[in-house]
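# Quick one, what's the 3D model for this:
(chains A and B, ligands or ions: 3)
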Amino acid sequence: MDEPIIKVNGLRTSFRTDDGVIPVVNSIDFHVNPGEVLGIVGESGCGKSVTSLSIMGLVSSPAGKVEGEILFKGENIANASEAKMRKIRGNDIAMIFQEPMTSLNPVFTIGEQLVETLRIHKKWNKKQARNRAVEMLKLVGLGRAEELLKEYPHQLSGGMRQRVMIAMAMICEPKLLIADEPTTALDVTIQAQILELMKNLNKETDTAIMMITHDLGVVAQMCERVIVMYAGKVIEEGNVQTIFQNPKHPYTVGLLQSIPDMRIKKERLYSIPGNVPKPGTSNLGCQFAPRCSHAMEQCINETPSLLEFNEGQHVRCWLYEDGKGAALHESNIG
Amino acid sequence: MGLLIGPVKGDLGVSLKTNSPVSEEIGPYLMATIELALIAMIIAVVIGVNAGIISAWFQNSWFDYVAMVIALIGLSMPIFWLGLMEQYIISIQWDLLPTTGRDNIRDPVEAITGLYLIDTLMAGRVDQFFEVIKHLILPGLALATIPMAIIARMTRSSMLEVMRSDFIRTARAKGMKMFWVVYKHSFKNALIPVVTVIGLQTGLLLGGAILTENIFGWPGIGTYIYDAILSRDYPVIQSGILVIAFLFVMINLVVDLLYAAIDPRIKYK
Ligand SMILES: Nc1ncnc2c1ncn2[C@@H]1O[C@H](COP(=O)(O)OP(=O)(O)O)[C@@H](O)[C@H]1O
Ligand code: SF4
Ligand SMILES: [Mg+2]
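Ligands and ions are numbered 1, 2, ... in the order given. Below is the predicted model of the structure:
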């Protein structure tokens, strides 16, 4: 296998707030292979956006602090200079966001905003840039591309704007596209179209995608590998198939149970009791313990480590340190 | 009825003091005021807008603090006092600039437009052009002080709001230089409230500079009306105020048109 495009080692991003320095991303490791679609799942507030902004070098300083290693093409870009990051952003690593309605600048045309990205990174003339912009708009499934260039974002629907965002992100053929909940704000049919589009783009180009979502349904549709995050930590990692068939961490099990299943008629959809802890509340033990029905003495005081299983599955849970996990697994799946 | 219909036909009445039509007299005064107001606004806009932008860009930096403290002082500055201080220190103590007037009266240039900066250049009199600039600096600075402070504060707060927007994050994620993120993507979005205060302040300068014009012996519309008030020359007072009101309305019209030019979401049918 090729070198990963991005390899994150012990990434720790913290913010200085009135309540002191709060770690939001707490020592996470993962990598993205060339051309793959990696899913990152977790409830809202668990640090997914901060992780992606850390990679982009867009964590607001001086309040935010990034520690650890982010290796891009083997080079550490955590805390790299602004000049260096500018060359990478939009060119090697691009990003799209959750809110298509507000992510485009309302006072510039679609054309200006598309061409601008090219102007920053490539030394193309006006005509080449324009042609490339038209080509990209067509590629993301927008008809009447020529006219769209002259239109303003407010003349477009949410789904169209997200397509424009994707076109803008892909225009320099980046090695990695970070998609931070790209479909969360869209309605279901549009959501499916956008996911389909991204999947096709991933196949047709050699851009890898880091698909951030809180929806395991999206992961099932898009990804080969998935990372489950909880409270700023990776708690489970593996192939999508393995994780869906054989989830090990109680949190992952809960997430899977809370996906609506049309075949089974239930009174109420399952939801994991409680909420994601506010960052910085406690750093001791397993962060999931307050919500976990299997929590033990040990879980509260000692932090479990990431254990490796077959097929690259990793789990961070005390249940598996001594084999008790088998019981959990049977009780849930059986 | 004469008061309502006359002005539309260009008839502003006859001055009781000079017995000549106000519409003929008022021109040079008006141009003098416009020249001073424009210079003051150019100073105020260039410095105020940039100070506001940089303060927002480097929020809570020393620049931000210093700029905003100066703006606060500027806002609460009594302008007549500032004008007198300028004259006392810069003109009298240091002898750098003239205290009063619009140009070197011993060697005037023929007034064509009434804007001396243009008239002197049209006459090819570069020496007089600089003379006119020298005369503009002190009253221009005095008049610019309050608009500058207001514009700086408005620009800063408008920029701070815009710079939190999602589309600014998008611009940065494209790899754009922070300078362009600030001056292009943020500023154009922050412009509407800034243009609004610029318009309002220009209107105020055109009409309300009576004290400053007096101190600097500026033969503008403020001086014209002030003298008319002293001599109870009612046609001049009425017409002078009418002209100022008209200018105010015109500036507001221009501002409204600018809105549509800045923001594509604003359309007038
Ligand atoms: N600039 C910041 N300053 C302080 N706290 C922040 C900042 N950005 C994010 N956070 C906190 O970090 C946590 C994780 O945020 P985020 O990464 O946006 O979650 P997610 O994307 O998974 O929903 C949240 O609790 C949020 O309040
Ligand atoms: S470590 Fe303990 S509390 Fe945490 S998930 Fe596993 S069993 Fe639950
Ligand atoms: Mg998020």
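
# List the buried residues in the helix or strand containing B:Glu24.
Assigned by DSSP states H and E, B:Glu24 falls within helix B:22-57. Neighbour-count burial for helix B:22-57 flags B:22-23, B:25-26, B:28-41, B:43-45, B:47-49, B:51-57 (criterion: 16 or more other Cβ atoms under 10 Å in any protein chain shown). To be clear about C-beta, it is placed using only N, CA and C from the backbone, and glycine gets the same treatment.

# Same check on stretch A:31-48?
Within stretch A:31-48, the residues that count as buried by 16+ other Cβ under 10 Å are A:31-33, A:35-43, A:45-48.

# other SSEs contacting the lengthiest helix in chain A?
Within chain A, and with DSSP state H defining each element, the longest helix by residue count is helix A:188-204. Of the remaining helices and strands, those touching helix A:188-204 by 3 or more Cβ pairs under 8 Å, 6 or more residues apart in numbering or on different chains; DSSP states H and E are helix A:158-170, strand A:208-213, helix A:216-222.

# so after the last one, what's the next helix or strand?
Beyond helix A:216-222 in the direction of the C-terminus, DSSP H and E gives the next helix or strand as strand A:225-230.

# Indicate each strand paired with that following strand and its parallel or antiparallel sense.
Sheet pairing here is set by DSSP bridges, and for strand A:225-230 it gives strand A:37-41 (parallel), strand A:233-239 (antiparallel).

# What lies in contact with that strand?
For strand A:225-230, contacts defined as Cβ atoms under 8 Å, 6 or more residues apart in numbering or on different chains pick out A:28, A:30, A:36-43, A:46-48, A:51, A:219, A:234-240, A:243, A:249, A:251-252, A:255, A:276, A:287-288, A:312.

# what sits against the residue in the stretch 101-250 of chain A that ligand 2 sits nearest to?
For the stretch 101-250 of chain A, the residue positioned closest to ligand 2 under Cβ to the nearest ligand atom is A:Pro250, at a distance of 4.5 Å. Applying Cβ under 8 Å, 6+ apart, we find A:Pro250 in contact with A:Phe288, A:Cys292, A:Ser293, A:His294, A:Cys317, A:Leu319, A:Leu328.

# Can you select the buried ones among these for me in PyMOL?
Applied in PyMOL, the following selects the buried portion of the contacts of A:Pro250 according to 16+ other Cβ under 10 Å:
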select buried, chain A and resi 288+292+294+317+319+328
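
# Just send the contacts of A:Pro250 back as CSV, with distance to A:Asn91 and secondary structure too.
Written out in CSV, the entries for these read as follows (distance: Cβ to Cβ, whole Å; DSSP: H, G, I helix; E, B strand; the rest coil):
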residue, distance to A:Asn91, secondary structure
A:Phe288, 38, coil
A:Cys292, 43, coil
A:Ser293, 47, coil
A:His294, 46, coil
A:Cys317, 39, coil
A:Leu319, 44, helix
A:Leu328, 46, helix
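
# still on that earlier bit, now render the strands paired with strand A:225-230 as JSON lines, adding mean pLDDT and distance to A:Ile55.
Conversion of the strands paired with strand A:225-230 to JSON lines gives the following (pLDDT from 0 to 100; distance: least, Cβ to Cβ, whole Å):
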{"stretch": "strand A:37-41", "mean pLDDT": "95", "distance to A:Ile55": "11"}
{"stretch": "strand A:233-239", "mean pLDDT": "92", "distance to A:Ile55": "15"}
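
# Quick check, pLDDT for the residue of the stretch 101-250 of chain A closest to ligand 2.
Looking at A:Pro250, its pLDDT reads 91.

# Skip the chain neighbours and tell me the closest residue to A:Asp180.
By the measure of Cβ to Cβ, 6 or more residues apart in numbering or on different chains, the closest residue to A:Asp180 outside its immediate chain neighbours is A:Ile212, 4.7 Å from it.

# likewise A:Gln287?
Looking at A:Gln287 with Cβ to Cβ, 6+ apart, the closest residue is A:Ala231, at 3.8 Å.

# Verify the contact between that neighbour and A:Ser44 for me.
No: A:Ala231 is beyond contact range of A:Ser44, at 12.0 Å (criterion: Cβ atoms under 8 Å).

# quick one: which of the strands paired with strand A:225-230 is nearest A:Gln155?
When the strands paired with strand A:225-230 are compared for distance to A:Gln155 using Cβ to Cβ, the nearest one is strand A:37-41, at 31.3 Å.

# Show me what counts as buried in stretch A:175-190.
Counting neighbours by 16+ other Cβ under 10 Å, one finds that the buried residues in stretch A:175-190 are A:175-186, A:190.

# For the stretch 51-200 of chain A, just list every one of the helices.
Shown for the stretch 51-200 of chain A, the helices assigned by DSSP state H, counting those that start in this stretch span residues A:82-88, A:100-103, A:110-121, A:126-139, A:145-148, A:158-170, A:188-204.

# and those helices as TSV, adding distance to ligand 1?
Written out in TSV, the entries for the helices of the stretch 51-200 of chain A read as follows (distance: least, Cβ to the nearest ligand atom, whole Å):
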stretch	distance to ligand 1
helix A:82-88	18
helix A:100-103	15
helix A:110-121	24
helix A:126-139	27
helix A:145-148	30
helix A:158-170	17
helix A:188-204	18
